[in-house]
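Q: Next input, structure requested:
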Amino acid sequence: MLNYKNRDHEVLNSYWDKWLGLSDEIAAALKQKDRKVVPLMETAINNYSEMLSSFVFIEPTAVEDTSQAIEPLNGHERLLFIREKMNREFAYIQLKALYSEAQKKAVSLLARNMIKSR
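A: Below is the predicted model of the structure:
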């Protein structure tokens, strides 16, 4: 059975809540073409990376890298694209999609883990 670091929904919700606050600020900054969009995007990317790290599963016999437990398909490549275009609206849209997809995977993992532990 897999053991999860930070398995509870409160941890996921804390990252999600932080993202929602940042998302509103980023959208407003993009609309106003404000330069503060780049540091806001950096903060959002760091929050996203921390969220991914918090849901890495640990299996003592596993040799492979398990850091992609909730990372969306092509997440690494998409994140590179976002980092290159942080002041563009389409980078923000892509980051929103990554957050949404990762959250869905995390909720699914948490639900499966709850069922297994019964």
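Q: quick one: contacts for the residue nearest to A29 when sequence neighbours are not counted?
A: Spatial nearest neighbour of A29, excluding adjacent residues (CB to CB, 6 or more residues apart in numbering): V37 at 4.0 Å. Glycine gets a C-beta too; all of them are placed from N, C-alpha and C. Shown in contact with V37 (CB atoms under 8 Å, 6 or more residues apart in numbering): I26, A29, L30, M86, N87, Y92.
Q: do you know how far the spatially closest residue to the fourth one that is not a sequence neighbour is from W19?
A: Translated: M86. Take M86 and drop its neighbours on the chain: the residue closest to it by CB to CB, 6+ apart is M41, 4.2 Å away. Using CB to CB, to the nearest Å, M41 is found at 12 Å from W19.
Q: ditto for A28
A: Distance from A28 to W19, counting by CB to CB: 15 Å.
Q: ditto for F55
A: Taking CB to CB as the measure, F55 falls 14 Å from W19.
Q: returning to what we had before: any idea how far L95 is from the residue nearest to M86?
A: 7 Å.
Q: same check, this time on F55
A: 18 Å.
Q: What are the boundaries of the helices in this protein?
A: Taking DSSP state H as the test, the helices found in the chain are 9-31, 37-54, 75-84, 89-116.
Q: Can you check the pLDDT for the most centrally placed residue in the chain?
A: Nearest to the mean C-alpha position of the chain, counting by CA atoms, centre = their mean, stands Y48 at 3.4 Å. We have a pLDDT of 97 for Y48.
Q: Okay then, goodbye and thanks.
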